[in-house]
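Novice: Structure, please.
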Amino acid sequence: MAATGSEKQGATAYYVSTPIYYVNDAPHLGHAYTTVAGDVLTRWHRQRGEKVWYLTGTDEHGQKIMRTAEANDVTPQEWCDKLVEEAWKPLWEHLNIANDDFIRTTEKRHTDRVQEFVQDLYDKGEIYKGGYEGPYCVGCEEYKLPGDLIEDEDGAKLCPIHKKPVEILKEENYFFKLSAYGPKLLEFYANNPGFVQPESARNEVVNFVRQGLQDLSISRSTFDWGVPVPWDEKHVIYVWVDALLNYATAVGYGANQEKFDGTFPANVHLVGKDILRFHAVIWPAMLMAQGLPLPGKVAANGWLMVGGEKMSKSNLTGIKPQDLTSHFGVDAYRWYFLRAIAFGSDGSFSWEDFSARYTSELANDYGNLASRVAAMVGKYFDGTLPEATAAGDAEKGVREGLAKAVATADRKIGEELDFQAGILAIFDFVKQVNGYITEQEPWKVAKDTSPEGRARLATILYTAAESLRGVAVLLNAVMPETSQKLWDSLGAEASLGALSDQRVQEAGDWGRLPAGTTVTKGAVLFPRLEEKPA
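Specialist: Numbering: from 1, shown residues only. Next up, the predicted model:
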């Protein structure tokens, strides 16, 4: 059985990748959704104390890029350079994406290694020359099976994803013997049932392979924007073979063996479900042919839908993330899509739903809790966090609630990639703390100036502040800027150190925030929303 990313031998890096995104246009919400998910996942594992490697990047070869560049009267390289530097990289910085590397498939560190990889397969007899004719979708950069196509009202054959007519292409190509790997892939899926997630995606992949695989055309000869086939430069390497290899070339394949051995294969490939087969069928078969270990998991997220259509530029439903961050803020943006949509399922975006959740959960539940606690510590204890000396059953319930939130969130986010369930567990605890304050009524307890009354008030406010410490740690991966503001408000930096150094597993260890810290009421974490822009 092939080794996988979850069974790395002597490797320490928790390696997560996004797809490398096609630079035919600027990024939209769908691209950002996957990238934010990867960022949350890797930030979470960093706060487990693990070594992490997070890779994203851009796919810059192929016929679609060439045609887009021609339409804009520039060279393909000029087009890619402009989009990467003016659109893609700035957006990831804007969204606070903490990637460790950004790979571009036009970089020499990538193209040289792609040629070496393909040459090795050719030398092993895994690649042969042949011809092919079939329906081709330029948008997908993929030959389609006749059964995959749909028809419009005039009977024209369309790509089911882009809803545009396919082109019938006939050319001489080189082929990878993909069909030989069907039985090996099925055995691997059986032995590694968690390799493809969610289960619906796994079932799709298994059924597809069971129907029998065709050999894969791995070169194109009708255009030249790509990596040349090393033994026949009249051909360029098929863009998907080129693209998939980024997961190896970016971590040192053929160039830095120590880094490669300490990182590869990926623990998690995050992909959109429309590119699932490339990652769950073609990629592992290529690795098998080369004798390399297979990834731990291919996790397919669903589509973001607008008006019943998949969000994309071709469907005219591509929404810029900045359209939302300028209104809701970056942290709320990072939180919303992972909170509102179960990862792996399709989800519909609406401005109204975002506004409602922002007001209810972020502003009212979370932000208001932070403001109230800081204000009461300021009012009743001059901003110095008091010591808890009169804890009882109510405080025990809060402590247990935090411990439960930590355990659930760590399992759901860190292991199962169920971001929604993990975030909900944290916000259930926020609601519990709000309920605790409502029940304990510290504003009434404050009227009792006896030692017993002061001790009880101190205990209530310490319990609430210590709860917020745990929440700040748990939400740091999702909303890093807001969590830092809360951390500063609690005076935690001076006593506990940097928020990024706090371990999520220890977030539930009660009593970590020491009495005596200076609690300040800072700016409102989630300001009231202005009117929706026209």
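Novice: longest helix of this protein?
Specialist: helix 451-474 (DSSP state H).
Novice: next SSE after that one?
Specialist: Next in sequence after helix 451-474, counting helices and strands by DSSP states H and E, comes helix 480-489.
Novice: Which strands or helices does that next one pack on?
Specialist: helix 330-340, helix 368-381, helix 451-474 (3 or more Cβ pairs under 8 Å, 6 or more residues apart in numbering; DSSP states H and E). Where you see a C-beta, it was placed from the backbone N, CA and C, and this is true even at glycine.
Novice: Distance to Ala289 added to the ones you listed, as TSV?
Specialist: Formatted as TSV, the helices and strands packed on helix 480-489 follow (distance: least, Cβ to Cβ, whole Å):
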stretch	distance to Ala289
helix 330-340	36
helix 368-381	54
helix 451-474	43
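Novice: Would you tell me which of those helices gets closest to Asp39?
Specialist: Asp39 lies closest to helix 330-340 among the helices and strands packed on helix 480-489, at 7.8 Å (Cβ to Cβ).
Novice: Residues contacting that closest one, please?
Specialist: Outside helix 330-340, the residues that touch it by Cβ atoms under 8 Å, 6 or more residues apart in numbering are 29, 33, 36-37, 39-40, 94-96, 304, 321, 324-325, 328, 347, 349, 353-354, 357-358, 361-362, 419-420, 423-424, 427, 478-482, 526.
Novice: can you redo the helices and strands packed on helix 480-489 as a markdown table with mean pLDDT, distance to Tyr238 and mean neighbour count?
Specialist: Compiled in a markdown table, the helices and strands packed on helix 480-489 are given as follows (pLDDT from 0 to 100; distance: least, Cβ to Cβ, whole Å; neighbours: other Cβ atoms under 10 Å):
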| stretch | mean pLDDT | distance to Tyr238 | mean neighbour count |
| --- | --- | --- | --- |
| helix 330-340 | 97 | 32 | 22 |
| helix 368-381 | 98 | 52 | 19 |
| helix 451-474 | 98 | 44 | 23 |
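Novice: between the ones you listed, which gets nearest to Arg277?
Specialist: Using Cβ to Cβ, the helices and strands packed on helix 480-489 put helix 330-340 closest to Arg277, at 24.5 Å.
Novice: Starting from that closest one, tell me the next helix or strand along the chain.
Specialist: strand 347-348.
Novice: Contacts made by that following strand with the rest, please.
Specialist: Residues outside strand 347-348 that contact it (Cβ under 8 Å, 6+ apart): Gly302, Trp303, Leu304, Met305, Val306, Phe337, Ala340, Ile341.
Novice: Tell me where the stretch 251-400 of the chain has helices.
Specialist: 257-261, 276-277, 283-290, 321-328, 330-340, 351-357, 368-381, 393-409 (DSSP state H, counting those that start in this stretch).
Novice: residues near Thr249, how many?
Specialist: Per other Cβ atoms under 10 Å, the neighbour tally for Thr249 reads 23.
Novice: cool, and Ser326?
Specialist: With other Cβ under 10 Å as criterion, Ser326 counts 12.
Novice: Please apply the same query to Asp73.
Specialist: For Asp73, using other Cβ under 10 Å, the count is 8.
Novice: contacting residues around it?
Specialist: So Asp73 contacts nothing (Cβ under 8 Å, 6+ apart).
Novice: So it: helix, strand or coil?
Specialist: coil (DSSP: H, G, I helix; E, B strand; the rest coil).
Novice: That one and Trp79, how far apart?
Specialist: Asp73 sits 10 Å away from Trp79 when distances are taken as Cβ to Cβ, to the nearest Å.
Novice: Ala498: which of the helices and strands packed on helix 480-489 is closest?
Specialist: So among the helices and strands packed on helix 480-489, helix 451-474 is nearest, using Cβ to Cβ, at 11.3 Å.
Novice: from the middle of its chain, how far away would the closest one be?
Specialist: In terms of Cα atoms, centre = their mean, to the nearest Å, the centre of helix 451-474 is found 34 Å from the chain centre.
Novice: Hey, what's the angle from that helix to helix 368-381? Just curious.
Specialist: Going by axes from the mean of the first three to the mean of the last three Cα atoms, to 10 degrees, helix 451-474 is angled at 150 degrees with respect to helix 368-381.
Novice: helices or strands next to helix 451-474 in the packing?
Specialist: On a contact count with 3+ Cβ pairs under 8 Å, 6+ apart, helix 451-474 meets helix 368-381, helix 393-409, helix 419-440, helix 442-445, helix 480-489, helix 492-496.
Novice: if you set the cut-off to 6 Å instead, what comes out?
Specialist: Helices and strands touching helix 451-474, by 3 or more Cβ pairs under 6 Å, 6 or more residues apart in numbering; DSSP states H and E, are helix 368-381, helix 393-409, helix 419-440, helix 442-445, helix 480-489.
Novice: Could I get the CA-only coordinates of that helix as CSV?
Specialist: Taking C-alpha atoms only, helix 451-474 is exported to CSV below (Å, rounded to 0.1, in the frame of the first residue of the first chain):
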residue,chain,number,x,y,z
PRO,A,451,-16.7,41.5,51.6
GLU,A,452,-18.9,38.6,50.5
GLY,A,453,-20.6,40.7,47.9
ARG,A,454,-17.3,42.0,46.6
ALA,A,455,-15.9,38.5,46.4
ARG,A,456,-18.9,37.3,44.5
LEU,A,457,-18.7,40.2,42.0
ALA,A,458,-15.0,39.6,41.5
THR,A,459,-15.6,35.9,40.8
ILE,A,460,-18.3,36.7,38.2
LEU,A,461,-16.2,39.2,36.3
TYR,A,462,-13.0,37.0,36.5
THR,A,463,-15.0,34.1,35.2
ALA,A,464,-16.3,36.1,32.3
ALA,A,465,-12.8,37.6,31.5
GLU,A,466,-11.1,34.2,31.7
SER,A,467,-13.8,32.8,29.3
LEU,A,468,-13.0,35.5,26.8
ARG,A,469,-9.3,34.6,27.1
GLY,A,470,-10.2,31.1,25.9
VAL,A,471,-12.4,32.5,23.1
ALA,A,472,-9.6,34.8,21.9
VAL,A,473,-7.3,31.8,21.5
LEU,A,474,-9.9,29.6,19.8
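Novice: who's in contact with that helix?
Specialist: Contact with helix 451-474 is made by 373, 376-377, 385-386, 388-391, 395, 398, 402, 409, 426, 433, 437, 440, 442, 445-446, 483, 486-487, 490, 492, 502, 507, 513, as judged by Cβ atoms under 6 Å, 6 or more residues apart in numbering.
Novice: same deal with stretch 396-415?
Specialist: By Cβ under 6 Å, 6+ apart, stretch 396-415 touches 44, 418-419, 421-422, 425-426, 429, 432, 436, 463, 467, 470, 474, 504, 507-508, 510.
Novice: buried stuff in it?
Specialist: 398-399, 401-403, 405-406, 408-410, 412-414 (16 or more other Cβ atoms under 10 Å).
Novice: same question, stretch 19-31
Specialist: Here stretch 19-31 shows Pro19, Ile20, Tyr21, Tyr22, Val23, Asn24, Ala26, Pro27, His28, Leu29, Gly30, His31 as buried, counting by 16+ other Cβ under 10 Å.
Novice: Likewise for stretch 36-51?
Specialist: For stretch 36-51, by 16+ other Cβ under 10 Å, it's Val36, Ala37, Gly38, Asp39, Val40, Leu41, Thr42, Arg43, Trp44, His45, Arg46, Gln47.
Novice: What are the phi and psi values at the fifth one?
Specialist: Torsion angles at Val40 (phi, psi; degrees, to the nearest 10) stand at phi -60, psi -40.
Novice: Please consider this matter closed, and thank you.
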